[in-house]
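Asker: Got a predicted model here, sequence first, then my questions.
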Amino acid sequence: MRSPEPPIPSPAEALLHCQFGGWATGSSCNNSCPNSPGGPGGLSSPSPSPSPSAASSYALTLTPSHIHVQRLAPRTGKEARLILPLSELAGCSCPRAPAPPLLVLYWYPPGRRRKGVSRRRQVRVYLAEARVEAERWSTAIQCLLRGVAITADTEIVKRLLPRPRRLLLLVNPFSGRGQAMQWCQTHILPMIREANISYNLIQTERQNHARELIKEISLPQWDGIIIVSGDGLLHEVINGLMERPDWELAIKTPVGILPCGSGNALAGSINHHAGYDMCLREPLLLNCCFQLCRGGVKPMDLVSVTTSPAPSQNGRPGLPRRMFSFLSVAWGFVSDVDIESERYRGLGSARFTLGTLVRLASLRSYKGRLSYLPPSIVATSPDAIPPPLRRPLSRSITEGLEGFCHTPIQRTSSDMGLSEQRSLRKVDTEREREREMERQRERERRRERARGGGTGVVRASSLAEDREREMEGEAGRSGTSSERSGTSSESNEREDYRMGREDGMTRNMEETPDEEREDGTMEQDSGVIEDIEERVRNGEGSSGSMDGVMEAKEVGEEYGGDMGREPNEDPEGCYSYPDNLQQTRLALRKNSAPSSQIANAFFSQPLSQEADPMSGASYRAEEMDLNETYFQKEAYPLDIARERALTISSPFRHSPFSFKPKSLDQNASRPRPLSLLHHPHSNSLPPKLPSLSLSLSPTPPSSPSCASPHSSSYLVPRPNTPNSTSPSPSLQSPSFTFDIAEPAGPLKNRPPVSLPFNPPRDDLLPPLDQALPTRDWVTIEGDFVLVLAIYQSHLGADLHAAPQARFDDGLIHLTFVRAGISRATLLRLFLAMERGAHLSLSSPYVSHVPARAFRLQPLSPRGTLTVDGELVPYGPLQAQIHPSMSRLIVGDSGVKITRF
Ligand SMILES: Nc1ncnc2c1ncn2[C@@H]1O[C@H](COP(=O)(O)OP(=O)(O)OP(=O)(O)O)[C@@H](O)[C@H]1O
């Protein structure tokens, strides 16, 4: 992280050069001084009376990037030379008289801690001969820290300095474990004072207090709004800014976050992009606070999210709600854990570990439809004239999906460009052509079947069938398989399977249903759970949202195993746990009856479409407890036959708002930090879900390889394109069941925006109650365990959910996990996510795709949806990225930054 030491500065480089005396504080650590901005005695201890250090004197040289400190009378055992990079200084000061003329430097060098690299405070104090000299140095250093250019010839005077920055600090005293105010006193305010930043601190008194405040205040007087809390308070602030009449200007106010919550996802992203290792709690806070003091600002994407209307009190249907999100939209497992773990808030971030285990024990799946617009598609407004037909860039997605839904999505997401090139290259050889024909035949067969069903739906009838087909194809191709490219995850996956077979560890993997295969690894995995559980119980897990998990993983690593992997795979494909690990786990399991029970619950039954007795029971109980607070008791009308006929086109077959409104706003019922001890809710599905079905909305088939029986339908403008003169596909082909019906009565033509001041339009999305464009969108229907849309790299400070994400990459990173995944694999996914290694985890049920917009239509009647971790009304939801809309204070480690 630190750059190599610079050589001794040449005279030409030196801006200032002077001799100083040492200043000892009487303690071994030179870290306190009178009148220091951090207060007497620095952060923690009362100051012993400081005095000039008798023996030492130093030559200090200031260059544009460093302060070189040369001890003039070297003592044995002491470093003669110290180099302080300016990039590691939070600030400096020259205390006022009657204090001696001191130059005080607040230095935060990065150091390796128990968990990663983070900053630690050191104060260096030097005694100048005269006050004017100390002030000159202090001014010069502050100029450099604030980006004011000075040279050796510049007359260093105070008026060179820009005015001190002014920050509005909003503190949620109840965030996380309720330590925000304490950390303000001990960590935040001292460092902010050292950086010569003025501030106003306001404690929030209730939910939405910050939002209301931000709507009212005069913004120009603030250089930044800093949230001292978790991500939820920043969500309020961003929406407060967007609800102002001057939102266009207001949203450009730099915002920053000092992590005192339990998830701290944005802080985790800032920490990561600043080059630090993953860390939590105070180290994370110190890193982020230091970055804040450095003052670099970067653009940050926002995502406009339109949710279903909140249930209204007067019985009239409400308006769809629009909000702006900076972090994530989650449905299923992730949002369940987030919301349900509120009751463990006292554990801090370990609440997510526990929540994950609990939710794993009663894993649910949710029926729904996810549509997304891949980023390679040129922006097409739903109202715009369709662009001339071209070869779709996302062809490889469609092509893959037609064949078999799982693997190609995964492959395409990880190396879209590569797979595209590969698909172009492969027609060159004779063999490839044969394979292509074979695939074509297979596609034809499938279409035949689909036509036979009379629905026009291209869908996988069942995973088992798909797997069989895949296997047949594989067997047929086995003669040539070794010649295939080894770069795709598809081929890797098959390679893995093959190696597993050779190893004799399992049965033929391709013949074995996933669950059965994973059953074979049950014992090891339950060991993982037990380790985690044990640590959570001991309070060790309180160090992170997956902290217990992390530590369990470390235990695994000590034993020589990597829990994040399938036991039968290594990077090359084959892996087995060392015996001693298995023995240790068995021993652990013996001594831990409750854990064993949980582990058995996890692994004895794969997640299937069968009802989960546990969840079913809890659901009924909670219905009574919550009195419809969180979930509707009755499903909104769900015509299964009709839903299955849902096509390639519109994800909405009927008005998405036809469900029964809930009696209360879900948000209003979210337990707030003050009321943590209630809320035994859950959101299990009713028993017996229909088996997985998948319908896809392919891109226009402009090449034979992705021709579809309905190809002609793609050649006409979309049904909701105003300039369309051609009849809609549904009129052309009876098998096409496009729904271009008008939305239900009172919703017709209603603006889907509840924000008062006409904020930016979602040009990629039609209103929520209208059909999506057919072009370019991909739709997946089926049973999901989770859908996560994230636009920051981290989902929690220790969950590196989207390693490829940047603050301003203009992308929504979608991860979805389909039903059928086993608990063990899901756990492995989250374990791997801590290191950001989950993208390479090979599971046919897990997909990662980038998008610029998406629409999610839950078809299960119950569930939780969160936006930035906050509960929103359950129902259809859509979102679109607005690149670089806001500004985030990230420090100056990035390349392109401006200072606030
Ligand atoms: N004084 C307050 N009393 C109760 N709730 C508050 C108060 N101030 C803010 N809130 C609300 O508390 C919720 C949770 O706050 P926040 O997200 O900041 O903390 P957290 O949930 O601990 O952290 P994270 O979101 O990172 O897990 C937010 O929705 C916010 O609106």
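Answerer: Done, it's in.

Asker: give me the residue from this structure nearest the ligand.
Answerer: Gly230 (1.7 Å; CB to the nearest ligand atom). All C-beta atoms are positioned from the backbone trio N, CA, C, and that covers glycine.

Asker: If I follow the layout properly, that residue ends up in contact with Leu170?
Answerer: No. Look at Gly230 against Leu170 with CB atoms under 8 Å: they stay out of range, at 11.9 Å.

Asker: So these two - more neighbours on which side?
Answerer: Ranked by neighbour count (other CB atoms under 10 Å), Gly230 and Leu170 place Gly230 first, with 29 against 24.

Asker: show me what contacts the more buried one?
Answerer: Residues near Gly230 by CB atoms under 8 Å, 6 or more residues apart in numbering: 172, 175-176, 259-264, 869.

Asker: Ok, Ala130 next?
Answerer: Ala130 neighbours (CB under 8 Å, 6+ apart): Pro101.

Asker: And for Gly332?
Answerer: 364-366, 784-787, 817, 863.

Asker: Let me know the pLDDT of it.
Answerer: Looking at Gly332, its pLDDT is 96.

Asker: Spatially nearest residue to it (excluding sequence neighbours)?
Answerer: Leaving aside its chain neighbours, Gly332 sits nearest to Leu786 (3.7 Å; criterion: CB to CB, 6 or more residues apart in numbering).

Asker: Give me the distance between that neighbour and Tyr372.
Answerer: Applying CB to CB, to the nearest Å, the value for Leu786 to Tyr372 is 15 Å.

Asker: So those two - more neighbours on which side?
Answerer: Taking neighbours as other CB under 10 Å, Leu786 and Tyr372 compare with Tyr372 leading, 27 against 24.

Asker: give me the element that one is part of.
Answerer: Per DSSP states H and E: Tyr372 is located in strand 366-373.

Asker: cool, Arg855 as well?
Answerer: Here Arg855 is assigned to strand 853-858, by DSSP H and E.

Asker: Pick out the most distant pair among the contacts of Gly230.
Answerer: Cys260 and Gly869 (14.4 Å; CB to CB).

Asker: can you list the weak-confidence ranges in the stretch 251-400 of the chain?
Answerer: 312-317, 377-400 (pLDDT under 70).

Asker: can you rerun that using 90?
Answerer: The model of the stretch 251-400 of the chain has pLDDT under 90 over residues 275-280, 295, 309-320, 341-355, 362, 376-400.

Asker: again, but for the stretch 701-850 of the chain
Answerer: Along the stretch 701-850 of the chain, the parts satisfying pLDDT under 90 run over 701-760, 774-775, 841-842.

Asker: Show me the helices in it, by range?
Answerer: Assignment of helices within the stretch 701-850 of the chain using DSSP state H, counting those that start in this stretch yields the ranges 711-714, 729-732, 823-834.

Asker: now the stretch 201-350 of the chain
Answerer: Under DSSP H, counting those that start in this stretch, the stretch 201-350 of the chain gives helices at 209-216, 231-242, 247-250, 265-273, 281-294, 333-340, 350-361.

Asker: Return the most buried member of the ones you listed.
Answerer: helix 265-273 (a mean of 28; mean count of other CB atoms under 10 Å).

Asker: elements contacting the strand or helix carrying Glu135?
Answerer: Assigned by DSSP H and E, Glu135 belongs to helix 131-145. Identification of packing neighbours for helix 131-145 by 3 or more CB pairs under 8 Å, 6 or more residues apart in numbering; DSSP states H and E yields strand 16-24, strand 51-62, strand 89-93, strand 102-107.

Asker: which other residues reach that helix?
Answerer: So helix 131-145 is contacted by 15-16, 18, 60, 62, 64, 67, 86, 89, 91-94, 97, 101-103, 105, 128, 149-150, 156-158, 160-161, 195-196, 294 (CB under 8 Å, 6+ apart).

Asker: Could you pick out the residues of the stretch 251-400 of the chain near the ligand for me?
Answerer: Contact residues (CB under 6 Å from any ligand atom) of the stretch 251-400 of the chain with the ligand: 261-264.

Asker: Out of the contacts of Gly332, the closest to Ala310 would be?
Answerer: Gly863 (16.0 Å).

Asker: So what's the residue count around the closest one?
Answerer: Neighbours of Gly863 using other CB under 10 Å come to 24.

Asker: cool, and the one 5 residues further on?
Answerer: One way to gauge burial is a neighbour count; for Asp868, by other CB under 10 Å, it gives 27.

Asker: for it, what are its contacts?
Answerer: By CB under 8 Å, 6+ apart, the residues touching Asp868 are 231-232, 234-235, 325-328.

Asker: contacting residues around Lys158?
Answerer: 135, 139.

Asker: Ramachandran angles for it?
Answerer: phi -60, psi -30 (degrees, to the nearest 10).

Asker: just the strands in the stretch 751-900 of the chain please.
Answerer: Applying DSSP state E, counting those that start in this stretch to the stretch 751-900 of the chain gives strands spanning 778-790, 812-818, 846-851, 853-858, 865-867, 870-872, 877-889, 898-899.

Asker: Same list, these, but as TSV with distance to Thr186 please.
Answerer: Formatted as TSV, these follow (distance: least, CB to CB, whole Å):
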stretch	distance to Thr186
strand 778-790	32
strand 812-818	36
strand 846-851	40
strand 853-858	42
strand 865-867	31
strand 870-872	29
strand 877-889	21
strand 898-899	27
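
Asker: wait, doesn't the residue nearest to Gly332 sit right on Val329?
Answerer: No. At 11.3 Å, Leu786 does not count as touching Val329 under the criterion of CB under 8 Å.

Asker: Contact residues of the chain facing the ligand?
Answerer: 172-176, 204-207, 209, 229-233, 236, 261-264, 672-674, 869-870.

Asker: circling back: in TSV: the residues of the stretch 251-400 of the chain next to the ligand, plus neighbour count.
Answerer: Output for these, formatted as TSV (neighbours: other CB atoms under 10 Å):
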residue	neighbour count
Gly261	30
Ser262	29
Gly263	29
Asn264	31
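
Asker: re earlier: which of the helices and strands packed on helix 131-145 has the lowest mean pLDDT?
Answerer: Of all the helices and strands packed on helix 131-145, the segment with the smallest mean pLDDT is strand 51-62, scoring a mean of 78.

Asker: Would you check that Gln291 makes contact with Val297?
Answerer: No. Using CB under 8 Å as the test, Gln291 is too far from Val297 to be in contact (10.8 Å).

Asker: Return every residue with contacts to both of those two.
Answerer: 889-890.

Asker: Filter the contacts of Gly332 down to the buried ones, PyMOL style.
Answerer: Applying 16 or more other CB atoms under 10 Å to these leaves a buried subset, and the PyMOL line that selects it is:
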select buried, resi 364+365+366+784+785+786+787+817+863
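
Asker: Return the two entries of the contacts of Gly332 that lie farthest from one another.
Answerer: Val817 and Gly863 (14.3 Å).

Asker: And stretch 761-773, what's buried?
Answerer: Neighbour-count burial for stretch 761-773, counted by 16+ other CB under 10 Å, picks out 762, 764-773.
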